[in-house]
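In: quick one, fold the following:
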Amino acid sequence: MPRQRTWARLATALVACLFVLVPTSAASAAEPPTKLDALRSGQATLRVGTDATFPPFEFTDAQGNQLGFDIDLVRALAARAGIKNVEFVQMPFGNIVPALQADQIDVGASAIYISAERAKAVDFTDIYYPGGLAIFAGEKDNGIASLGDLAGKRVAVQVGTKSVEWVKQHQPAAQLITVQTNEQMFSSVRLGQADAVVTGAPAGKYFIAQQGGLKQVGDRLTDENYGYAFQKADADVRGAFNTALKQMHDDGSYAQVTEKWFGAETTAAKPGGHPLFNVATIVESSAQIWQGLLVSIQVILSALVLSLLLGAIGGFAKLSRIAPLRWLGNAYVSVIRGTPFVVQLFFIYFGLPQLGLQLPPMAAGIISLGLYSGSYVTEIFRGAVQSVDRGQLEASRSCGMSHASAMRHVIIPQAFLRMLPPLGNEFVSMTKNSALVSFVTIHELFLVGQTIISRTFDALTVYLFIGLLYYLMTNLIGFATSTIEKKMAVYI
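Out: Just a heads-up that it's a prediction; the model follows:
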């Protein structure tokens, strides 16, 4: 009986503890903090994707600081919403919606038109600025007066924008010329590469005021308006932005930001004219260019090391007597060499997050470049090893050396010397391919150049100087491989 009473008391105490602990556990397992809570507490940073080549909405100054109507307005809205940290991420316009879907950014802020098609993938805030497409042609071109006159004409549009699909639907006879940046659109008309531009009216008017050479043809073609894009799951953050936007309209602060970027003083025509090669453009942007050069070097060196490592592993795999390893080596070379580098880059940066693996831009760029170059290094390694007379391996084995020792001390040193010329060529090619990592928001030399051009509209000077820097880097690689080859020759 005492034992039974003891067990009864223990059971009663256990049940009582459960009744006490369950509510406590339920309370402690309350809803986790939302993204908005994390942003307001400073634990998370609001990542804002923008294409800073579209003045006056977003562009950069000579020091690389991002400026513009969208930049100022997003900062003001975030501050009113209680969001402490905001980071602007530079990317091509066409990558903004995919980046939202891949959770690489939280907000798309780059003069994005609100449309039913885009609303299937992202959610928009309330209208923050009236937009609308318009036609712009050369100021001396009287052959284009309406949409109908674009039939058979070359029309420049920016990839990923509303202009592309709208022109296809409403003037299918036009010959579309798609470009990456705002500056390239307008320059294509001034250089005779296109007859007209169809783009947002506010940006077109700003370009005319700043640079001249074009004119708006007729009234606006559409009445679409701009909104900020959010992930479907971020309704609370979007709601906070909408509340803040209404407050700014009510207290007049929105009108102040608008006047700053679209007022009469901002859009007044500026005195133009500069030399064909404007050294001042380079001097003023030297800090920005230097930073971009350092990032490019970091990407190139990191990818070079990775490609050598993958190339050696892949080469040994293809030379292996183990069939599964040979199959893996062959598959690696076949897949990577058989698909474009840009496709691989976009798959790693935009595709893998949908499979649960999200990589930072720098890591995605380096891995993509290293994988791609490594497939070619694999074949260089394999070919160099097989070019060494097989009799030397047999002679080494007959002297009592193991296969691994013979490869290490006899075959590989000779093969390395034969690898150097093709390796130099591959690393030169990789250096040039490194410019493509700009598509995944890495601020390397080429992307920095595009942002400078969007501010200065001096494409000739900037591209010539950037080309010179790439030329120096590739020749430095060639010189290094040639020097190593001469030094190694004495040992063979």
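
In: residues in contact with residue 476?
Out: Applying CB atoms under 8 Å, 6 or more residues apart in numbering, we find residue 476 in contact with no residue. For glycine as for every other residue, the C-beta is placed from the backbone atoms N, C-alpha and C.

In: actually, residue 333.
Out: Residues touching residue 333, when contacts are defined by CB under 8 Å, 6+ apart, comprise 314, 318, 375, 378-379.

In: run the last query once more with 7 Å
Out: Residues touching residue 333, when contacts are defined by CB atoms under 7 Å, 6 or more residues apart in numbering, comprise 314, 375, 378-379.

In: out of the residues you listed, which one sits closest to residue 429?
Out: In terms of CB to CB, no member of the contacts of residue 333 lies closer to residue 429 than residue 375, at 12.0 Å.

In: can you get me a residue count around that closest one?
Out: 23 (other CB atoms under 10 Å).

In: test my guess that it contacts residue 338.
Out: No - the pair residue 375 and residue 338 does not pass the contact test of CB atoms under 7 Å, sitting 9.1 Å apart.

In: how many neighbours does residue 323 have?
Out: 8.

In: distance-wise, check it relative to residue 277.
Out: Shown here: residue 323 relative to residue 277, a distance of 59 Å by CB to CB, to the nearest Å.

In: could you show me where the strands are in the stretch 151-300 of the chain, in order?
Out: Under the criterion DSSP state E, counting those that start in this stretch, the stretch 151-300 of the chain carries strands at the ranges 154-158, 175-179, 196-200, 214-217, 225-226, 229-230.

In: and the contacts of the last one?
Out: The set of residues that contact strand 229-230 without belonging to it, under CB under 7 Å, 6+ apart, is 96-97, 100, 107-108, 112, 122-124, 237-238.

In: quick one: strands adjacent to that strand?
Out: Sheet pairing for strand 229-230, assigned by DSSP bridges, gives strand 107-108 (antiparallel), strand 123-124 (antiparallel).

In: can you name the next helix or strand after the last one?
Out: Towards the C-terminus, the helix or strand next in line after strand 123-124, according to DSSP states H and E, is strand 129-130.

In: what about the closest residue to residue 124 other than its chain neighbours, neighbour count?
Out: Of all residues not flanking residue 124 in the chain, residue 227 sits nearest, at 3.7 Å (CB to CB, 6 or more residues apart in numbering). When counting by other CB under 10 Å, one arrives at 28 neighbours for residue 227.

In: and residue 227, how far from residue 238?
Out: 10 Å.

In: kindly report the same for residue 345.
Out: 30 Å.

In: one more: residue 424?
Out: The gap separating residue 424 from residue 238 is 52 Å, by CB to CB.

In: looking at the two, which is more packed in?
Out: Applying other CB under 10 Å to residue 424 and residue 238 shows that residue 238 carries more neighbours, namely 23 against 19.

In: who's in contact with the more buried one?
Out: Each residue near residue 238 by CB under 7 Å, 6+ apart is listed here: 123, 125, 230.

In: so what pLDDT did the first one get?
Out: According to the model's per-residue confidence, residue 123 sits at a pLDDT of 96.

In: touching, it and residue 228? I think so.
Out: No - with the criterion set as CB under 7 Å, residue 123 and residue 228 do not qualify as a contacting pair; they are 9.5 Å apart.

In: more neighbours: these two, which one.
Out: Set side by side, residue 123 and residue 228 show more neighbours around residue 228, with 26 against 18, by other CB under 10 Å.

In: for the strands paired with strand 229-230, give me JSON lines that also has distance to residue 194.
Out: Output for the strands paired with strand 229-230, formatted as JSON lines (distance: least, CB to CB, whole Å):
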{"stretch": "strand 107-108", "distance to residue 194": "27"}
{"stretch": "strand 123-124", "distance to residue 194": "30"}
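
In: among these, which is nearest residue 357?
Out: Smallest distance to residue 357 across the strands paired with strand 229-230 (CB to CB): 22.3 Å, for strand 107-108.

In: what's the first helix or strand after that closest one?
Out: Scanning forward in sequence from strand 107-108, with DSSP H and E defining helices and strands, the next element found is helix 116-119.

In: residues of that next one that come out buried?
Out: Of the residues in helix 116-119, residue 118 count as buried by neighbour count, 16 or more other CB atoms under 10 Å.

In: stretch 171-184 too?
Out: Going by 16+ other CB under 10 Å, stretch 171-184 has these buried residues: 171, 174, 176-184.

In: in the residues you listed, find the pair that's most separated.
Out: Across the buried residues of stretch 171-184, the longest distance by CB to CB is 23.5 Å; it joins 171 and 183.

In: quick one: low-confidence ranges for the stretch 351-492 of the chain?
Out: Per-residue confidence of the stretch 351-492 of the chain (counting by pLDDT under 70) places the weak regions at 393-394, 489-492.

In: that one: helices as residue ranges?
Out: Remark: helices of the stretch 351-492 of the chain, listed N- to C-terminal, are 361-387, 390-398, 403-406, 412-433, 445-456, 459-489; assignment by DSSP state H, counting those that start in this stretch.

In: in CSV: the ones you listed, plus distance to residue 330.
Out: As requested, those are exported to CSV (distance: least, CB to CB, whole Å):
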stretch, distance to residue 330
helix 361-387, 10
helix 390-398, 21
helix 403-406, 21
helix 412-433, 19
helix 445-456, 33
helix 459-489, 27
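
In: just say which of those is most tucked in.
Out: helix 445-456 (a mean of 24; mean count of other CB atoms under 10 Å).

In: hmm, who's touching that helix?
Out: For helix 445-456, contacts defined as CB under 7 Å, 6+ apart pick out 52-53, 55, 59-61, 90, 181-183, 281, 285, 288-289, 292-293, 296, 435, 438, 459, 462-463, 466, 469.

In: from these, which ones fall inside helices?
Out: 182-183, 281, 288-289, 292-293, 296, 459, 462-463, 466, 469 (DSSP state H).
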